[in-house]
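[1] Sequence and predicted model, in that order:
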Amino acid sequence: MSTLHLVRQSAFATNDFAQCLSVLAHQDAIVLMDDGCYNLKHSLMDSLLKRIDGSVDISVVDTHAHARAMKALPSVNTIAIKDIVELTFKHQKVITWQ
Amino acid sequence: MAIIDTQQVSDLPEEDGLAIINSKAPYSCTYGKDALDIALIFGSFEQKVSLFFQGDGVYQLIDKQEGSLLSIKDYLKTFSAFEFYDIEDIYVCQQSLANRQLNEDFHISDVIVLPSIEFGDALNRHKHILRF
């Protein structure tokens, strides 16, 4: 059983992203969208990337990051908003953090 | 929007006019646009306005953003009109930039970056404050 996490808030303003990470399991996936794109530069993201070591799939919606002048990280996939549809089929559950 | 009363803080010379604090990121809510509208209305009636950017509000000033990608009107472009409305005091919290790993690259010029204490002092010189 895997979960898709849609992160839509900045971790600098709310603790949604921290709550998301506290329930994160192996084989889960995270998509950063809307203000969630700002989390690319949050210290939680640095520690997450070290901790998971490739076992959790992390993506960011390209247009949302680009609009906010945020650069994607090498270890984070860039996807289009339509790719989220496929991700919802790949995972059994979806949690939207907003 | 909260109104903060700063009557007690009177050690520093008090400025007339309004301070507007921006504390939200630009695209996921209308707070930034509302703050801009108020600033321009005060400016067009020749009332003195100072702008303060704190917390996620600092994202409103960052260079190379493209709001048009999100199919919304990019109100950040209007920031370049501040000088025509005589809005010259624009302050940014240095700590908020540092926390977000942001450089001091802004899409408007003459922005004043202040450390937390000076930022607070500049804010407290104003008699009226609106926070968005």
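    Cool, the structure landed. Everything numeric here is computed off the predicted structure, so don't read it as measured data. Numbers count the residues shown, from 1 in each chain, chains lettered A, B, ... in the order given.
[2] From the rest of the structure, what touches the lengthiest helix in chain A?
    Ranked by number of residues, the top helix in chain A under DSSP state H is helix A:43-52. Helix A:43-52 is contacted by residues A:Ala11, A:Phe17, A:Ala18, A:Leu21, A:Leu24, A:Asn39, A:Val56, A:Ile58, A:Leu73, A:Ser75 when judged by CB atoms under 8 Å, 6 or more residues apart in numbering or on different chains. For glycine as for every other residue, the C-beta is placed from the backbone atoms N, C-alpha and C.
[3] can you pull out the helices in chain B?
    Going by DSSP H, chain B shows helices at B:31-44, B:94-99, B:116-124.
[4] Name the stretch among the ones you listed that sits most buried.
    Ranked by mean neighbour count under mean count of other CB atoms under 10 Å in any protein chain shown, those are led by helix B:31-44, which reaches a mean of 18.
[5] Just confirm yes or no for it near chain A.
    No. Using CB under 8 Å from any CB of the partner chain, helix B:31-44 stays clear of chain A, with a minimum separation of 11.4 Å.
[6] Please tell me I have it right and A:Cys37 contacts A:Thr63.
    No. Contact criterion CB atoms under 8 Å: A:Cys37 and A:Thr63 do not qualify, at 9.7 Å.
[7] The two: which has the busier surroundings?
    A:Cys37 (26 against 17; other CB atoms under 10 Å in any protein chain shown).
[8] Skipping adjacent residues, who's closest to the more buried one in space?
    Leaving aside its sequence neighbours, A:Cys37 sits nearest to A:Ala65 (CB to CB, 6 or more residues apart in numbering or on different chains; 4.3 Å).
[9] what's the answer for B:Ser50, then?
    Once flanking residues are discounted, B:Ser50 sits nearest to B:Asp89: 3.9 Å by CB to CB, 6+ apart.
[10] Now do the contacts for that neighbour.
    Listed by CB under 8 Å, 6+ apart, the contact set of B:Asp89 reads B:Val49, B:Ser50, B:Leu51, B:Ile112, B:Ala122.
[11] State the distance from the second one to B:Tyr59.
    The span separating B:Ser50 from B:Tyr59 equals 19 Å under the rule CB to CB, to the nearest Å.
[12] can you check the first one too?
    Shown here: B:Val49 relative to B:Tyr59, a distance of 21 Å by CB to CB.
[13] Ok, the fourth one next?
    Plainly put, B:Ile112 is 18 Å away from B:Tyr59 if you go by CB to CB.
[14] what does B:Glu46 give?
    For B:Glu46, the distance to B:Tyr59 - CB to CB - is 30 Å.
[15] Which one's more surrounded, these two?
    The neighbour comparison of B:Glu46 against B:Tyr59 (other CB under 10 Å) goes to B:Tyr59, with 28 against 8.
[16] I figured that one hits B:Cys29, correct?
    No. B:Tyr59 lies out of contact with B:Cys29 (CB under 8 Å); the separation is 11.9 Å.
[17] and B:Pro115, how far is that from chain A?
    According to CB to the nearest CB, to the nearest Å, B:Pro115 stands 18 Å off from chain A.
[18] show me what contacts that residue?
    B:Gln94, B:Gln95.
[19] Mind doing that once more with 6 Å?
    Shown in contact with B:Pro115 (CB atoms under 6 Å, 6 or more residues apart in numbering or on different chains): B:Gln94.
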